[in-house]
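In: Sharing a sequence plus its predicted fold:
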Amino acid sequence: MTSRTASQAPPPALGWLLLMPAVLGMLITLLLPTIQTIAFSFESGGLVGPSEYVGLQNYDRALGPARAFWPALGFTLSITIMPLLVALVAGPLVAGALEWAGTWPRRAGRIVLSLFPVIFSPTAVAVSWLRGLDPAADGLVTMVRAFTAPETAPGTFRLLLAATTFGVVCALAVMAFLPALRGGTVTGSMLAVAGIVALATIAAGIQTFTLSLTLTRGGPLDSTMTVMLLQYTFVFQAARLGMGATIATATGVILGVLGIAAALIAVISGMRVSVVQRHITPSAAVPPDQPPPPAYGPPPHPGQAPPYGGPPAPAQTAPYGPNSSPGLAHPQAGQGYGAAPEEIAVTARRPSTAAVVVGVLALLAVTAIALIWTWPWLSALFAPAGRVAGPETGLRVHLNTWVPALLSALVTVGVAYLGALGIGGLRPLGRRSEWLLLPFAPWLFVGAGPLSVANWNNLRGIGLLDTFVALIPPLLISVPALFVLTLLCKGLAMRTERDFLGGVVLPSLPMAGILVVAVTLLNAQDLLWPLLVTQDMSLATAPMTQMMTINEYTGGPAEAGLTTPLLVVVLALAAVVAAQLLYLDRLAITVGGDTRSRKLAPPA
């Protein structure tokens, strides 16, 4: 095998060039709206018309002692406790059981668990459970009748949110912990992943909006008011722009701290994602009368004979390639592109019968619990829906829902992918390149809510409200995708013996495609942004249509499956299953310094 020379490696300047679209996207659609939101928080006035500077008056009214923000924040944080326990307890336990059970239980688990994120829709959950308010209803759905009393509403809301999100939270946590169990630093990887999962779960809980609006509208007596719903109420119902911007600023600060903490965990721990080669048994890979290839063993030291025979290595040859040394990040310094890859263990462990049984039982238990709490939605799919008037119930509503969602995903993930190739693949700052993620970190967990005040005002200013273009989420970069793809490109660059295109770009493309699907599903189920930018029901998305039907604007019970059409579910599930079996099942998360003696265990 021939190695690329240092002169053939892509120059670091290309990394800076690929990063520029991500920087521009961050400046235009993240930093600028953040500055505008902070500026609005110092003003008084409504959504339209004149405003005046009031200094810190809004902060005193919104964040002072005994103000509405603190009860809302306390309740919002309380609803994250049970999902947090699911993610940090059930997630790693189920992941460990599936990993130790071997290939077919692990892959079966990946397939089954993938179903829950694909079919999850907050407005569909609300539609399903609100059927329990019907006097003729019985069974589990009648639990929502407790929402009528302020004494029982908060506890019921916490339980219902934890129950309905159990399958999604557990599935995503398992998918995060499984690669950490395959890395060569299991304890460190599991701790780092657990820290990021915990921060992400809290951040997602803080931005709870749809279920609070559709199930309780924050009541009774504001007992189930969440932070995002409080912001929405101030700005778009009470028309108090400054107060809403103050809530958005405070929430953004909290989310920014969580994002920076997650970024520091990833960077300081040296986290990277690798694609483990398919398992080949030594007997099949190497004839018995020949020694195994040197790629499966550590490189020889200068002047020392290789472990599998052959002449001693020349004393002047560096152990990891020409002009190289362990720990240098850029390809020209021996990291990737002709350098020896990180060592991969090729000995597979045969799972015991007990491990297989435990893995299967863990999967069955998680699936049973998730199905029990999903049953109100499943049963509502086959219940007769009332008449929902208007053209929004036909093909138009699905076009309004999925086309803007897909367009936004293609742009935001595409820009993030270019930035990841620049930071993680080309390493313009060498081993310190991951620190380039830090400027993006404050928006790692920020969704549409905290920036909605400024983005809505900008869209109004250019006259795009109530247009199809307005349905496209106003982002140019997906920061979560940037982080995931950067860690993957870093791992690929450290291990490849091929050039940049074959060793980093092509192996990372499937992950970019997977993230496009994930972001599309997430965008399509969002209720807040479409609700803000359009009042024309011909532009209504599926979540909007369901919410309007709940509010009896169009009459009759809402159609529970409107947000999850069969064609979309089938296509998304097929793509996710293929990704799980062919790609995601081969990922490994590793932490620690830049070494090439670390072993990555392949799938059993």
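Out: Done, it's in.
In: Report the buried residues of the stretch of helix or strand residue 567 belongs to.
Out: Assigned by DSSP states H and E, residue 567 falls within helix 566-582. By 16 or more other Cβ atoms under 10 Å, the buried positions in helix 566-582 come out as 568, 572, 573, 575, 576, 577, 579, 580. The C-beta positions use only the backbone N, C-alpha and C, and glycine is treated the same way.
In: So for the first one, what's the nearest residue that isn't a sequence neighbour?
Out: Using Cβ to Cβ, 6 or more residues apart in numbering and skipping residues adjacent in sequence, the residue nearest residue 568 is residue 402, 6.7 Å away.
In: try the fifth one
Out: Spatial nearest neighbour of residue 576, excluding adjacent residues (Cβ to Cβ, 6+ apart): residue 114 at 4.5 Å.
In: show me the contacts for the one you found.
Out: Listed by Cβ atoms under 8 Å, 6 or more residues apart in numbering, the contact set of residue 114 reads 171, 573, 576, 577, 580.
In: I'd say the third one and residue 517 touch.
Out: So the one you mean is residue 576. Yes: Residue 576 is in contact with residue 517 according to Cβ atoms under 8 Å; the separation is 6.8 Å.
In: which regions of the stretch 1-150 of the chain lie under the pLDDT threshold?
Out: Applying pLDDT under 70 to the stretch 1-150 of the chain flags the ranges 1-9, 66.
In: typo on my end, it should be the stretch 151-300 of the chain
Out: Under the criterion pLDDT under 70, the flagged ranges of the stretch 151-300 of the chain are 277-300.
In: what ranges do the helices span in the stretch 51-200 of the chain?
Out: For the stretch 51-200 of the chain, the helices defined by DSSP state H, counting those that start in this stretch occupy 57-63, 69-78, 81-85, 91-101, 103-119, 122-130, 153-164, 166-182, 186-206.
In: The closest residue to residue 140 other than its chain neighbours: what's it in contact with?
Out: Once flanking residues are discounted, residue 140 sits nearest to residue 376: 6.1 Å by Cβ to Cβ, 6+ apart. Shown in contact with residue 376 (Cβ under 8 Å, 6+ apart): 125, 128, 129, 131, 132, 140, 141.
In: Hmm, the second one is touching residue 560, no?
Out: I take that to be residue 128. Yes: counting by Cβ under 8 Å, residue 128 does reach residue 560; the two are 5.4 Å apart.
In: what is in contact with the two at once?
Out: Residues within reach of residue 128 and of residue 560 at once, by Cβ under 8 Å, 6+ apart, are 377, 380.
In: measure the residue nearest in space to the middle of the chain to residue 176 for me?
Out: Central residue of the chain (Cα atoms, centre = their mean): residue 480, 6.0 Å from the mean position. With the distance defined as Cβ to Cβ, to the nearest Å, residue 480 ends up 12 Å from residue 176.
In: Now do the strand or helix carrying the residue nearest to the centre of the chain and helix 186-206, the angle between them.
Out: For residue 480, the enclosing helix or strand under DSSP H and E is helix 479-495. In terms of direction (axes from the mean of the first three to the mean of the last three Cα atoms, to 10 degrees), helix 479-495 departs from helix 186-206 by 160 degrees.
In: mind listing what the nearest residue to residue 194 once chain neighbours are set aside touches?
Out: The shortest distance from residue 194 to any residue other than its chain neighbours is 5.9 Å, reached at residue 88 (Cβ to Cβ, 6+ apart). Contacts for residue 88 (Cβ under 8 Å, 6+ apart) come out as 173, 194, 197, 198.
In: ok, now residue 178?
Out: By Cβ under 8 Å, 6+ apart, residue 178 lies in contact with 95, 98, 99, 106, 110, 585.
In: Out of those residues, which end up buried?
Out: Buried subset of the contacts of residue 178 (neighbour count, 16+ other Cβ under 10 Å): 95, 98, 99, 106, 110, 585.
In: how many other residues sit next to the residue nearest to the third one when sequence neighbours are not counted?
Out: With sequence-adjacent residues excluded and distances taken as Cβ to Cβ, 6+ apart, residue 99 is closest to residue 181, at 4.6 Å. Burial measure for residue 181: 20 neighbouring residues, criterion other Cβ atoms under 10 Å.
In: Kindly report the same for residue 270.
Out: Around residue 270 there are 18 other residues, counting by other Cβ under 10 Å.
In: same deal with residue 35?
Out: Around residue 35 there are 11 residues (other Cβ under 10 Å).
In: Start the count at 84 instead of 1 going forward.
Out: Yes, from this point I'll number from 84; that puts the last item at residue 118.
In: quick one: secondary structure of it?
Out: helix (DSSP: H, G, I helix; E, B strand; the rest coil).
In: Show me where the stretch 434-583 of the chain has its strands.
Out: For the stretch 434-583 of the chain, applying DSSP state E, counting those that start in this stretch gives no strands.
In: Residue ranges in it under the pLDDT threshold?
Out: Applying pLDDT under 70 to the stretch 434-583 of the chain flags residues 466-476, 579.
In: just the helices in it please.
Out: 436-464, 478-503, 535-544, 562-578, 583.
In: Out of those helices, which is closest to residue 620?
Out: helix 478-503 (9.4 Å; Cβ to Cβ).
In: Quick one: work out the angle between the closest one and helix 649-665.
Out: Going by the same axes, to 10 degrees, helix 478-503 makes 30 degrees with helix 649-665.
In: Could you name the helices and strands sitting against helix 478-503?
Out: When contacts are defined as 3 or more Cβ pairs under 8 Å, 6 or more residues apart in numbering; DSSP states H and E, helix 478-503 packs onto helix 95-109, helix 562-578, helix 589-607, helix 625-633.
In: can you do 10 Å?
Out: helix 95-109, helix 562-578, helix 589-607, helix 611-616, helix 625-633, helix 649-665 (3 or more Cβ pairs under 10 Å, 6 or more residues apart in numbering; DSSP states H and E).
In: Tell me how far it lies from the chain's centre.
Out: Put simply, helix 478-503 sits 15 Å off its chain's centre (Cα atoms, centre = their mean, to the nearest Å).
In: One more: stretch 661-677?
Out: 16 Å.
In: averaged over its residues, what pLDDT does it have?
Out: Average pLDDT, stretch 661-677: 88.
In: Keeping just the C-alphas, turn it into PDB.
Out: Only the C-alpha atoms of stretch 661-677 are listed here, as PDB (Å, rounded to 0.1, in the frame of the first residue of the first chain):
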ATOM      1  CA  ALA A 661     -31.100   0.800   6.300                       C
ATOM      2  CA  ALA A 662     -29.000   3.400   8.000                       C
ATOM      3  CA  GLN A 663     -29.100   1.500  11.300                       C
ATOM      4  CA  LEU A 664     -28.000  -1.800   9.800                       C
ATOM      5  CA  LEU A 665     -25.500  -0.600   7.200                       C
ATOM      6  CA  TYR A 666     -24.000   2.400   8.900                       C
ATOM      7  CA  LEU A 667     -25.000   3.400  12.400                       C
ATOM      8  CA  ASP A 668     -24.300  -0.100  13.700                       C
ATOM      9  CA  ARG A 669     -20.700   0.300  12.700                       C
ATOM     10  CA  LEU A 670     -20.000   3.500  14.600                       C
ATOM     11  CA  ALA A 671     -17.800   3.700  17.600                       C
ATOM     12  CA  ILE A 672     -17.300   6.700  20.000                       C
ATOM     13  CA  THR A 673     -13.800   7.100  21.500                       C
ATOM     14  CA  VAL A 674     -12.400   9.700  23.800                       C
ATOM     15  CA  GLY A 675      -8.800  10.400  24.800                       C
ATOM     16  CA  GLY A 676      -5.700  11.700  23.200                       C
ATOM     17  CA  ASP A 677      -4.700  11.300  19.500                       C
END
